[in-house]
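Enquirer: Predicted model, plus sequence, below.
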Amino acid sequence: AAGPDATPEDAVAEMEACEPMSAHTDIGAGVSVAEPTVHEGGGEATVAMLDCGAKGSSVSSLTERGADVHVFPYDSTPEQVAEADPDVLFVSNGPGDPENFVAAQEVVDAFAGETPMAGICLGQQIVASALGGTTEKMSFGHRGVNQPVKDLRSGRVVMTTQNHGYTVDDTGPLEVTQVNVNDDTVEGLDSDELDVITRQYHPEANPGPHDSLGFFDDVLAMVDNRRRIAAD
């Protein structure tokens, strides 16, 4: 509550009237594309992106690396996504409780083990939930451009941009590869067996930092690896 006439009682009343984020069950409808769209990048790979609130920089980070990106509405069916014959399924960032993105989880479940997949922010939470993990509301979310993340394999710490209020609790079959230095929450999940790579932060955030832009190279490297295995 603000202004010359604001009172503590006004503030309490406003807070009590505010719906919890989990109550916004169809929040994806306000941030997703209404119809599938295609962004051409050279045809070196085909990425099917579930748009749960995707940033344009996510799309451009893939097209700049030669991939064609087919952007699908957040509530698309597995059959609709399969029409693009994707080399990678990419679940975008977005707002809200990941448990409310039921359709996106069904797409992940349908493609799991068959098609490499990646996710950013909300996308990491959706992927983990679909594969048997769980998520939880954080007491205090991660906000800002200076969130330190440690890679458990290399020991390297990078600065990242984050804006989320939920986190992965149980990771299911996925391996935790990165954690937040401040509170040890999950920042990165991988699975060599399922060809999965996800990040809780925004590697391509504008205006930065860009310490982790290599994530998009790693995503498309899964395509090359899958093609080598198929050729053998």
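Expert: Received it, and whenever you're ready, just let me know what you need.
Enquirer: hey, let's count contacts and neighbours off CA atoms from now on
Expert: Noted.
Enquirer: Angles on the backbone of the closest residue to Q147 other than its chain neighbours, please.
Expert: Nearest residue to Q147 in three dimensions, chain neighbours excluded: T160, at 5.1 Å (Cα to Cα, 6 or more residues apart in numbering). Dihedral pair for T160: phi -130, psi 160, per degrees, to the nearest 10.
Enquirer: in this protein, which spans are strands?
Expert: Secondary structure of the chain (DSSP state E): strands located at 37-39, 45-51, 67-73, 88-91, 117-120, 135-151, 157-168, 175-180, 186-191, 196-199.
Enquirer: Would you tell me which of those gets closest to D26?
Expert: strand 67-73 (12.5 Å; Cα to Cα).
Enquirer: Note down every partner strand of the closest one and its orientation.
Expert: strand 37-39 (antiparallel), strand 45-51 (parallel) (DSSP bridges).
Enquirer: Kindly reformat the ones you listed as TSV containing distance to A104 and mean neighbour count.
Expert: Listed next are the strands paired with strand 67-73 as TSV, based on distance: least, Cα to Cα, whole Å; neighbours: other Cα atoms under 10 Å:
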stretch	distance to A104	mean neighbour count
strand 37-39	17	14
strand 45-51	7	26
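Enquirer: Nearest to D192, out of these?
Expert: Per Cα to Cα, nearest to D192 of these: strand 45-51, 18.8 Å.
Enquirer: Quick one: distance of the closest one to the chain centre.
Expert: Relative to the centre of its chain, strand 45-51 is centred 12 Å away, using Cα atoms, centre = their mean, to the nearest Å.
Enquirer: again with stretch 51-67
Expert: Distance, centroid of stretch 51-67 to centroid of chain: 12 Å (Cα atoms, centre = their mean).
Enquirer: ditto for stretch 99-107
Expert: 13 Å.
Enquirer: CA atoms only for it, dumped as PDB, please.
Expert: Provided in PDB are the C-alpha atoms of stretch 99-107 (Å, rounded to 0.1, in the frame of the first residue of the first chain):
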ATOM      1  CA  GLU A  99       2.400 -28.300 -12.000                       C
ATOM      2  CA  ASN A 100      -0.200 -26.300 -13.800                       C
ATOM      3  CA  PHE A 101       1.500 -26.900 -17.200                       C
ATOM      4  CA  VAL A 102      -0.100 -30.400 -17.600                       C
ATOM      5  CA  ALA A 103      -0.100 -30.400 -21.400                       C
ATOM      6  CA  ALA A 104       3.600 -29.500 -21.600                       C
ATOM      7  CA  GLN A 105       4.400 -32.400 -19.100                       C
ATOM      8  CA  GLU A 106       2.500 -34.800 -21.400                       C
ATOM      9  CA  VAL A 107       4.600 -33.700 -24.400                       C
END
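Enquirer: That one - what's its average pLDDT?
Expert: The average pLDDT within stretch 99-107 is 98.
Enquirer: Counting neighbours, which bits of that stretch end up buried?
Expert: By neighbour count on 16 or more other Cα atoms under 10 Å, the buried set for stretch 99-107 is 99-107.
Enquirer: do the same with stretch 48-61
Expert: In stretch 48-61, counting by 16+ other Cα under 10 Å, buried: 48-55, 58-61.
Enquirer: now these as JSON lines including pLDDT?
Expert: Formatted as JSON lines, the buried residues of stretch 48-61 follow (pLDDT from 0 to 100):
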{"residue": "A48", "pLDDT": "98"}
{"residue": "M49", "pLDDT": "98"}
{"residue": "L50", "pLDDT": "98"}
{"residue": "D51", "pLDDT": "98"}
{"residue": "C52", "pLDDT": "98"}
{"residue": "G53", "pLDDT": "97"}
{"residue": "A54", "pLDDT": "97"}
{"residue": "K55", "pLDDT": "94"}
{"residue": "S58", "pLDDT": "97"}
{"residue": "V59", "pLDDT": "98"}
{"residue": "S60", "pLDDT": "97"}
{"residue": "S61", "pLDDT": "97"}
